[in-house]
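Chemist: The following comprises the amino acid sequence and a computationally predicted model.
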Amino acid sequence: MLDLSTFFLGRPLTSPLMNASGVWCNVNNQLNALAESKAGAMVTKSCTLLRRNGNPEPRYHTLAMGSINSMGLPNEGHQYYLDYAERHDYENKPLFFSIAGLTLDDNLTMVAQIQDAYTPAILELNLSCPNVPGKAQIAYDFEALDVILAEISAAYSRPFGIKLPPYFDIAHFDEVAEILNRYEKVSFITCINSIGNGLMIDINSETVLIKPKEGFGGIGGDYVLPTALANVNAFYQRCPKKSIIGCGGVSTGEHVFMHLLAGAGIVQVGTALYEEGPEIFVRLNIELAKIMKEKGYKTIREFQGKLKTI
Ligand SMILES: O=C1NC(=O)NC(C(=O)O)N1
């Protein structure tokens with residue numbers, strides 16, 4: 001099969017594919033399965049300082065073209081994932097470490113502990129969880145975004161990345177990119193998190209599908225691919241010194257190819273991984289390689305970010 005190897009933040013990857021934070025990465029047996037999978041990298045579930053049960057169930061539902069979720073950041077707590085990061089085999093694949101502190105102080109406490117742990121894991125700061133009742137998505141508050149990036153940049157000595165929600169207005173792409181470009185340590189941007197606060201209905205029972213927040217939850221899957229591609233390309237164009245991780249709507253090699261063409265260096269898989277399991281990476285690698293072969297591309301670099309306009 002074609003060589004799908006690539007580099008991200010200077011690290012070699014055997015494949016440009018990885019999981020989206022939150023999917024198949026909450027507990028050790030899932031993390032071990034990702035480590036053994038054909039993904040080129042992996043990321044832990046966004047953690048909070050202390051363990052959380054998350055929202056009441058049902059909190060995830062498969063939809064005709066994707067998923068709706070309001071998990072509410074269920075996770076084993078920060079130390080659990082630091083312990084995994086200590087055990088991880090970094091020669092096998094890079095590990096990203098996702099945090100989603102409920103307060104700035106919690107984020108700073110976790111960042112200080114990651115700093116002291118000297119772990120090779122790469123920090124992905126989740127500023128976009130839409131599902132904690134009463135908590136707005138930080139990255140939709142541009143002043144709060146600026147403050148948190150200033151605080152984290154001052155507290156953390158290494159490059160890190162941020163997980164953004166989708167934006168839908170060119171002026172917002174411009175404004176957020178202007179903020180991000182002021183923080184050199186923000187070395188990558190992961191676009192997108194789920195499209196927050198969607199609602200789906202069961203017409204037989206005339207009810208919503210998930211319990212939390214009266215049925216409102218983050219939307220993933222096919223529904224979000226055009227929005228994900230737009231956010232990947234918008235920030236790829238506006239932040240030339242940063243790398244982009246694409247996330248959203250990926251379930252085939254064609255979708256992976258689109259994200260790479262739009263400017264992503266790595267492509268994350270969420271809903272489709274939830275439904276298919278880590279074997280999906282075998283299928284997606286094969287499908288991507290087939291498309292590249294048909295187009296005469298030998299390496300990802302030959303087409304990455306080379307989306308043409310008309
Ligand atoms: O950032 C998140 N995005 C989601 O769509 N769901 C999870 C969650 O609810 O924990 N977190």
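Modeler: Yep, it's here. Residues are numbered from 1 along each chain as shown.
Chemist: quick check, Asn233 in a helix?
Modeler: Yes. Applying DSSP: H, G, I helix; E, B strand; the rest coil, one finds Asn233 inside a helix.
Chemist: Distance check, it against the ligand.
Modeler: Counting by C-beta to the nearest ligand atom, to the nearest Å, the gap from Asn233 to the ligand is 21 Å. Just so you know, the C-beta spots here come from the backbone N, C-alpha and C atoms, and that holds for glycine as well.
Chemist: Could I get the pLDDT score of that residue?
Modeler: The per-residue pLDDT reported for Asn233 equals 99.
Chemist: got the contact list for the spatially closest residue to it that is not a sequence neighbour?
Modeler: Nearest residue to Asn233, sequence neighbours excluded (C-beta to C-beta, 6 or more residues apart in numbering): Ala262, at 4.2 Å. Going by C-beta atoms under 8 Å, 6 or more residues apart in numbering, Ala262 touches Leu229, Val232, Asn233, Tyr236, Gly246, Gly305, Leu307.
Chemist: Show me these that map onto helices.
Modeler: Taking DSSP state H, the ones among those that sit in helices are Leu229, Val232, Asn233, Tyr236.
Chemist: What subset of those is buried?
Modeler: Among the ones in helices among the contacts of Ala262, those that count as buried by neighbour count (16 or more other C-beta atoms under 10 Å) are Leu229, Val232, Asn233, Tyr236.
Chemist: Make a markdown table from those and add distance to Ile68 to it.
Modeler: Formatted as a markdown table, those follow (distance: C-beta to C-beta, whole Å):
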| residue | distance to Ile68 |
| --- | --- |
| Leu229 | 21 |
| Val232 | 22 |
| Asn233 | 25 |
| Tyr236 | 28 |
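Chemist: and which of these is nearest the ligand?
Modeler: Val232 (17.1 Å; C-beta to the nearest ligand atom).
Chemist: Report pLDDT for the residue sitting furthest away from the middle of the chain.
Modeler: In the chain, Asn204 marks the outermost C-alpha relative to the chain mean, sitting 34.1 Å out by C-alpha atoms, centre = their mean. Asn204 is assigned 98 on the pLDDT scale.
Chemist: does it count as helix, strand or coil?
Modeler: When classified by three-state DSSP, Asn204 comes out as coil.
Chemist: Can you give me the end-to-end span of stretch 196-209?
Modeler: The straight-line separation of the ends of stretch 196-209 (C-alpha to C-alpha, to the nearest Å) is 15 Å.
Chemist: next one: stretch 217-229
Modeler: Taking C-alpha to C-alpha, stretch 217-229 runs 21 Å from one end to the other.
Chemist: Tell me which residues of it come out buried.
Modeler: Burial within stretch 217-229, assessed by neighbour count using 16+ other C-beta under 10 Å, is assigned to Gly217, Gly218, Ile219, Gly220, Gly221, Asp222, Tyr223, Val224, Leu225, Thr227, Ala228, Leu229.
Chemist: what does it rub up against?
Modeler: 59, 63, 65-70, 130-131, 166, 168, 191-199, 210, 246-251, 255, 258-259, 262, 270-272.
Chemist: Also stretch 196-203?
Modeler: Here stretch 196-203 makes contact (C-beta under 8 Å, 6+ apart) with 61, 63, 68, 128, 130-131, 137, 165, 207-209, 213, 215-219, 223.
Chemist: Pull up the distance across that stretch, start to finish.
Modeler: With C-alpha to C-alpha as the measure, stretch 196-203 spans 22 Å from end to end.
Chemist: Okay, buried residues for that stretch please.
Modeler: Using 16+ other C-beta under 10 Å as the test for burial, stretch 196-203 gives Gly196, Asn197, Gly198, Met200.
Chemist: want to throw those residues into JSON lines with pLDDT, secondary structure and distance to Met110?
Modeler: As requested, the buried residues of stretch 196-203 are exported to JSON lines (pLDDT from 0 to 100; DSSP: H, G, I helix; E, B strand; the rest coil; distance: C-beta to C-beta, whole Å):
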{"residue": "Gly196", "pLDDT": "98", "secondary structure": "strand", "distance to Met110": "23"}
{"residue": "Asn197", "pLDDT": "98", "secondary structure": "strand", "distance to Met110": "26"}
{"residue": "Gly198", "pLDDT": "98", "secondary structure": "strand", "distance to Met110": "29"}
{"residue": "Met200", "pLDDT": "98", "secondary structure": "coil", "distance to Met110": "33"}
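Chemist: Between all of these, which two are separated the most?
Modeler: The most widely separated members of the buried residues of stretch 196-203, counting by C-beta to C-beta, are Gly196 and Met200 (13.8 Å).
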